[in-house]
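*Asks:* Sequence plus predicted model, see below.
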Amino acid sequence: MASGVRSTRLCLRAFRHAAAPAPRRARAPIYVARRAFSSTPTPRRPATKKDEADEPEVDEGGADDIGAAEPKESLDTAPGDPEIDSVDLARTVRFQEQAMASLTATMSEMAHVPKINRARSFWHEDEEDSDLITDERDEDVFEEDDIMSMAHGKLEEFREYREYARIAAWEMPLLSKLARPFEPPTAQEPLRFRYTSYMGEFHPAENKVVVEFSPRDMPLTEAQQTKLRKLLGPRYNPETDVAKISCEQFEHQAQNKRYLGDLVEKLVEQAKDPSDMFEDVPLDTRHHKIKVKPKFPREWRMTEERRRFLDDTRHKSQLLDLTKEEAGGLISGKEKIEQFFSARPRKDNERVGTGENGSEELVV
C-alpha cells in the first residue's frame, strides 16, 4: 500500500507546472494516551512560536523515509482524493495504536511487582509474622504524635492481664453454682478416658484421647482376663495391671473416643471366644522394665528404742575412758609427740624454746 501511495504522489508532482515549494517545517505529531472513558473530548494545547522554532526540517526529496509527516504531504499534493485520504488516515491510526500498545506494555511491566519465593529465601525476611501486633509498616517514620509500637504491644499485654483478672474476680465465682459432688465410678464404668486441652489454642496433640482400664474390672472370668492380657501385648503394664491405649488418627476427640470404645468392645468379645483361649501362649512382659527404686532401710530408722541404745553406748564409752585415765592406761597423743621430740638427738642449728603457752618447742 505504501508503494502505491508513493507512485501516485510522484505522478501528480510530475504534472504540476508550478515551481516546487521551498522546504517547509513539518510539525512532529504529538501522541496522547487514550482515555478509557470520558464524556468530553481530549483537550489539545494550541501551538506556540517556540514549538514552531523547535520543529525539525523535513526534506521532501527523501522518498525512502516515510514517516509520520508523509500522510499530510500526500493530502496537500492531491487534495480531494478520497482513496489517498483513507489510506493515510489508516496508516496514521495504525501507527498511533502500535505506539500506544508499546507504551501500555512498558508501563504494565514497570508496575508489575516481582513475586518473591519465600521458601527459597535464607532468613525468611519477607514472611509475615502472625504473632506481631503491628504490621511493621512505616514504623521508622515517627511524627511525635503517638507511642512506639513496642509500647502498644506492652499495653496490649496489660489489657490481656486485666481481662483475665476481671474474669477471675467476677465470673469464676459463679462457677461454684455448677459444682457437683464427686461420685466414684461404678462397676459399670470400667473405662477411664483422658483428654488434653490447650485453652482454646491450636495444637496438633489436642485431638488425642487415651483410655485406661484394668482387666480385673471387666466382666470376665479368670481365664478370659488372662487371655485379654495376652491380647493387649505391649499396652499392658504387668506392674500396675492397667492397660493403656491412645488414638489421635481422627480430627476430633469424639471420633477418637468412639474408636477406642469400639476397640475395647472387640477385645472383650475376642477374650470371651472359647474356641482358642491361648493356653499354650505365655504372657510376655519383656516390653516392661521394672525399675527398682532404692528405699531407706527399715532397720536404720530412728526409733525410741534405737535412740536409748545409742545413748547407753555413748555413756559406757565415756565411763571406760575415765577408768583408763585414772588407772594410767589411757594413752595421750600429745605426750607421745613431746616424748618423741625430746628423745631425738638435736642438731647444731636446733634449740629448744618456750612457746606462747609455756611449753617447750623445737626451734630450728
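*Replies:* Ah, there it is.
*Asks:* Quick one: the helices in this structure, in order.
*Replies:* 2-14, 49-54, 70-77, 82-111, 149-166, 222-232, 253-271, 304-327, 333-343 (DSSP state H).
*Asks:* Those helices: which one's closest to K208?
*Replies:* helix 253-271 (7.0 Å; CB to CB). Where you see a C-beta, it was placed from the backbone N, CA and C, and this is true even at glycine.
*Asks:* Now the closest one: average pLDDT?
*Replies:* In this model, helix 253-271 carries a mean pLDDT of 96.
*Asks:* Stretch 212-230 too?
*Replies:* Stretch 212-230 comes out at a mean pLDDT of 95.
*Asks:* List the buried residues of it.
*Replies:* 212-213, 215, 217-218, 220, 224-230 (16 or more other CB atoms under 10 Å).
*Asks:* Other residues contacting it?
*Replies:* With contact meaning CB atoms under 8 Å, 6 or more residues apart in numbering, stretch 212-230 is reached by 187, 190-192, 194, 232, 236, 238, 241-244, 264, 267-268, 270-272, 277-278, 281, 283-284.
*Asks:* Next, the distance between the ends of that stretch.
*Replies:* End-to-end distance for stretch 212-230: 16 Å, by CA to CA, to the nearest Å.
*Asks:* and what of stretch 163-182?
*Replies:* End residues of stretch 163-182 are separated by 31 Å (CA to CA).
*Asks:* in it, what's buried?
*Replies:* Buried residues in stretch 163-182 (16+ other CB under 10 Å): none.
*Asks:* related to what we said a few turns ago, let me know which of the helices of the chain is the nearest to K291.
*Replies:* Smallest distance to K291 across these (CB to CB): 20.7 Å, for helix 222-232.
*Asks:* ok so, going back, mean pLDDT lowest where, among the helices of the chain?
*Replies:* Across the helices of the chain, the lowest-scoring stretch is helix 70-77, with a mean of 45.
*Asks:* As a markdown table, the helices of the chain with distance to G200 would be great.
*Replies:* Shown next, in a markdown table, are the helices of the chain (distance: least, CB to CB, whole Å):
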| stretch | distance to G200 |
| --- | --- |
| helix 2-14 | 76 |
| helix 49-54 | 72 |
| helix 70-77 | 75 |
| helix 82-111 | 43 |
| helix 149-166 | 13 |
| helix 222-232 | 35 |
| helix 253-271 | 14 |
| helix 304-327 | 57 |
| helix 333-343 | 76 |
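*Asks:* Can you check which of these gets nearest to P294?
*Replies:* helix 304-327 (21.1 Å).
*Asks:* Restricting to C-alpha, output the closest one in PDB.
*Replies:* This file holds the C-alpha atoms of helix 304-327, laid out as PDB (Å, rounded to 0.1, in the frame of the first residue of the first chain):
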ATOM      1  CA  GLU A 304      12.800 -44.600 120.600                       C
ATOM      2  CA  GLU A 305      14.400 -47.900 121.300                       C
ATOM      3  CA  ARG A 306      17.300 -47.200 119.000                       C
ATOM      4  CA  ARG A 307      17.800 -43.800 120.500                       C
ATOM      5  CA  ARG A 308      18.100 -45.300 124.000                       C
ATOM      6  CA  PHE A 309      20.500 -47.900 122.700                       C
ATOM      7  CA  LEU A 310      22.800 -45.200 121.200                       C
ATOM      8  CA  ASP A 311      22.700 -43.100 124.400                       C
ATOM      9  CA  ASP A 312      23.700 -46.200 126.500                       C
ATOM     10  CA  THR A 313      26.600 -47.000 124.200                       C
ATOM     11  CA  ARG A 314      28.000 -43.400 124.400                       C
ATOM     12  CA  HIS A 315      27.700 -43.400 128.200                       C
ATOM     13  CA  LYS A 316      29.500 -46.700 128.600                       C
ATOM     14  CA  SER A 317      32.300 -45.400 126.200                       C
ATOM     15  CA  GLN A 318      32.800 -42.300 128.400                       C
ATOM     16  CA  LEU A 319      33.000 -44.400 131.600                       C
ATOM     17  CA  LEU A 320      35.600 -46.700 130.100                       C
ATOM     18  CA  ASP A 321      37.700 -43.700 129.100                       C
ATOM     19  CA  LEU A 322      37.600 -42.300 132.700                       C
ATOM     20  CA  THR A 323      38.500 -45.600 134.200                       C
ATOM     21  CA  LYS A 324      41.600 -45.900 131.900                       C
ATOM     22  CA  GLU A 325      42.600 -42.300 132.600                       C
ATOM     23  CA  GLU A 326      42.500 -43.000 136.400                       C
ATOM     24  CA  ALA A 327      44.500 -46.200 136.000                       C
END
